[in-house]
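K.L.:
okay, predicted coordinates and the sequence, questions at the end:
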Amino acid sequence: MNLSETETLIWDWNGTLLDDVDANVKVINKMLLKRDLPLLDLHTYKDIFCFPVKLFHIRIGIDFSKESIEEISAEYMELYKSYESCLKLNADAPFILDSINAKGIDQYILSAAGKNDLLRMLDHFHLTDKFKGIYGSEDICATGKVGIGQKLIKDNSLNPDKAIIIGDTVHDAEVAKTLGIKCILYAGGHNSYDLLKSESKVIANLKDIDI
């Protein structure tokens, strides 16, 4: 997708710029093993992962009559953080971000991740200064990004017609549609190509973005 008329790029973080899918499957399987529930392979995970994350947990067998979403989310975050030292960026991310900034296109992060965790990880990868704004959730329950996206647009007086969201899930396409923004979906993240292809333009690599 050519960016010649684009003023703003809005990036998802987990699974798009950050390569954390394998770590996420390991975390989920630890949670499932603890509850004697069937484990997920990568293919199944990418076919059923969704937002709000509570719905995903229901799909994999979590019983919310016995546990709260807050308890499940806290357990997930504790396990996820144990893998953070092993996480890497999408190999194409630094080059793409620098190339887009060089074209004078403003870049933002829009994530369902907790804001403090998001800022910490961006700082760890020395990416913070590449974005004009960083928008994450105020809690750890990952309910979705529509409200956060609306705030991003309002705070920065963005023109939706000249913006693109780049993400890796069906939810990113849903957010883009609600906000009236074009969308590019990356097939190497948390949802499968088969799920994404009916939602928006799909790319196999971030370098497939026409910069």
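P.N.:
Cool, the structure landed.

K.L.:
now do the longest strand seen in the chain: which elements does it pack against?
P.N.:
The single longest strand within the chain, with elements called by DSSP state E, is strand 106-114. In terms of contacts (3 or more C-beta pairs under 8 Å, 6 or more residues apart in numbering; DSSP states H and E), strand 106-114 is packed against strand 8-11, helix 93-102, helix 115-124, strand 133-137, helix 146-156. All C-beta spots, glycine's among them, are computed from the backbone N, C-alpha and C.

K.L.:
tell me the strands beside that strand, with direction?
P.N.:
Strand pairing for strand 106-114, determined by DSSP bridges: strand 8-11 (parallel), strand 133-137 (parallel).

K.L.:
okay if I get these as a markdown table plus mean pLDDT, distance to Leu87 and mean neighbour count?
P.N.:
Below are the strands paired with strand 106-114 laid out as a markdown table (pLDDT from 0 to 100; distance: least, C-beta to C-beta, whole Å; neighbours: other C-beta atoms under 10 Å):
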| stretch | mean pLDDT | distance to Leu87 | mean neighbour count |
| --- | --- | --- | --- |
| strand 8-11 | 98 | 16 | 25 |
| strand 133-137 | 95 | 16 | 19 |
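
K.L.:
which one of the ones you listed lies closest to Ala204?
P.N.:
Nearest of the strands paired with strand 106-114 to Ala204, taken as C-beta to C-beta: strand 8-11 at 17.2 Å.

K.L.:
which outside residues touch the following helix or strand past the closest one?
P.N.:
Proceeding N to C from strand 8-11, the next assigned helix or strand is strand 18-19, under DSSP states H and E. Strand 18-19 has contacts (C-beta atoms under 8 Å, 6 or more residues apart in numbering) with Leu87, Lys88, Leu89, Asn90, Ala91, Met121, Phe125, Gly188.

K.L.:
quick one on the thing from earlier: got the strands paired with strand 106-114 as a markdown table, with distance to Phe95 columns?
P.N.:
Output for the strands paired with strand 106-114, formatted as a markdown table (distance: least, C-beta to C-beta, whole Å):
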| stretch | distance to Phe95 |
| --- | --- |
| strand 8-11 | 14 |
| strand 133-137 | 20 |
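
K.L.:
please report how far the nearest residue to Ala187 once chain neighbours are set aside lies from Ile181.
P.N.:
In space, and not counting its chain neighbours, Ala187 is closest to Tyr193: 4.3 Å by C-beta to C-beta, 6 or more residues apart in numbering. Per C-beta to C-beta, to the nearest Å, Tyr193 is found 22 Å from Ile181.

K.L.:
name the residue in those two with the higher neighbour count.
P.N.:
Ile181 (20 against 13; other C-beta atoms under 10 Å).

K.L.:
which residues sit in contact with that one?
P.N.:
Here Ile181 is in contact with Ile10, Pro160, Ala163, Ile164, Ile165 (C-beta under 8 Å, 6+ apart).

K.L.:
could you rerun that using 7 Å?
P.N.:
Pro160, Ala163, Ile164, Ile165 (C-beta atoms under 7 Å, 6 or more residues apart in numbering).

K.L.:
ok, back up a step: and the helices and strands packed on strand 106-114: which comes nearest Ser200?
P.N.:
Closest approach to Ser200 among the helices and strands packed on strand 106-114 is made by strand 8-11 (13.5 Å; C-beta to C-beta).
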